[in-house]
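Asker: Below: sequence and its predicted model.
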Amino acid sequence: MLALCVGSVAPATVGCSRAVPATPESVLTDWVSAMQASRTDATTRRRAFELLSSASRAALVERAQRASQLSGREIPPYELLAPGRFAMRFQFDPARLSSVIDGDHATVVARSATGDRADVPMVREGGQWRVALRIPAVEPYRSPADGGPRDEPDAAAP
């Protein structure tokens with residue numbers, strides 16, 4: 001006897017409980033959708049954060065800790081995915097995505113109708129594809145006593 005399953009593209013599940021494996025393209029599409037929705041629904045930033053690689057999440061955690069120390073209030077790392085700072089260079093079209101997979105690493109290539117191209121690095125962690133944002137390391141904080149920047153001009157400077 002054959003079991004017929006009715007599938008859905010997102011969230012990558014099927015009616016008969018067999019999971020459809022997520023692809024690098026589908027995860028990137030979910031991430032872009034979450035980031036675009038975050039302009040009107042701040043809770044979607046948490047979903048976008050969850051779709052990031054562990055290294056990307058760790059970098060945002062480090063930045064959130066720094067921001068929390070400097071601001072005097074707790075800033076969750078997903079809040080650093082600022083919706084106003086997210087912009088696509090061209091119209092995102094999930095139908096124009098392709099990927100090159102090499103083991104647990106992939107590059108999703110997004111193309112526009114006019115020939116623009118963006119290469120998005122992905123990594124498979126725990127069997128799940130994740131977006132691997134390139135987030136520069138945070139430089140260590142130096143207080144003015146340690147030669148760090150000052151808020152006021154140096155009186156000895158001309």
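Answerer: Cool, got the structure.

Asker: element containing the closest residue in space to Asp104 that isn't next to it in sequence, please.
Answerer: Setting aside the residues directly before and after it, Asp104 is nearest to Arg124 in space (CB to CB, 6 or more residues apart in numbering), at 4.1 Å. Any C-beta I mention is one placed from the backbone N, CA and C, and that applies to glycine too. For Arg124, the host element (DSSP states H and E) is strand 117-125.

Asker: So in that sheet, which strands flank that strand, and in what orientation?
Answerer: strand 105-111 (antiparallel), strand 128-131 (antiparallel) (DSSP bridges).

Asker: Low-confidence bits of the chain, can you list those?
Answerer: 1-21, 83-88, 141-144, 146-158 (pLDDT under 70).

Asker: what pairs with the residue nearest the centre of it across the strands?
Answerer: Closest to where the C-alpha atoms of the chain average out (CA atoms, centre = their mean) is Leu52, at 4.7 Å. Counting by DSSP bridges, Leu52 is bridged to Val131.

Asker: Dump the strands paired with strand 117-125 to a markdown table, plus mean neighbour count and distance to Ala95.
Answerer: Below are the strands paired with strand 117-125 laid out as a markdown table (neighbours: other CB atoms under 10 Å; distance: least, CB to CB, whole Å):
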| stretch | mean neighbour count | distance to Ala95 |
| --- | --- | --- |
| strand 105-111 | 18 | 10 |
| strand 128-131 | 21 | 18 |
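
Asker: In CSV, list those along with distance to Ala67.
Answerer: Formatted as CSV, the strands paired with strand 117-125 follow (distance: least, CB to CB, whole Å):
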stretch, distance to Ala67
strand 105-111, 29
strand 128-131, 21
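
Asker: for the chain, longest helix please?
Answerer: The longest helix of the chain (DSSP state H) is helix 54-71.

Asker: I'd like the distance between Ala106 and Ala37.
Answerer: Per CB to CB, to the nearest Å, Ala106 is found 24 Å from Ala37.

Asker: picking up where we left off before, got the angle between the strand holding Arg124 and helix 54-71?
Answerer: 100 degrees (axes from the mean of the first three to the mean of the last three CA atoms, to 10 degrees).

Asker: contact partners of strand 117-125?
Answerer: Among residues not part of strand 117-125, those counted as contacts by CB atoms under 8 Å, 6 or more residues apart in numbering are 24, 27-28, 53-55, 89-90, 99, 103-111, 129-132, 134.
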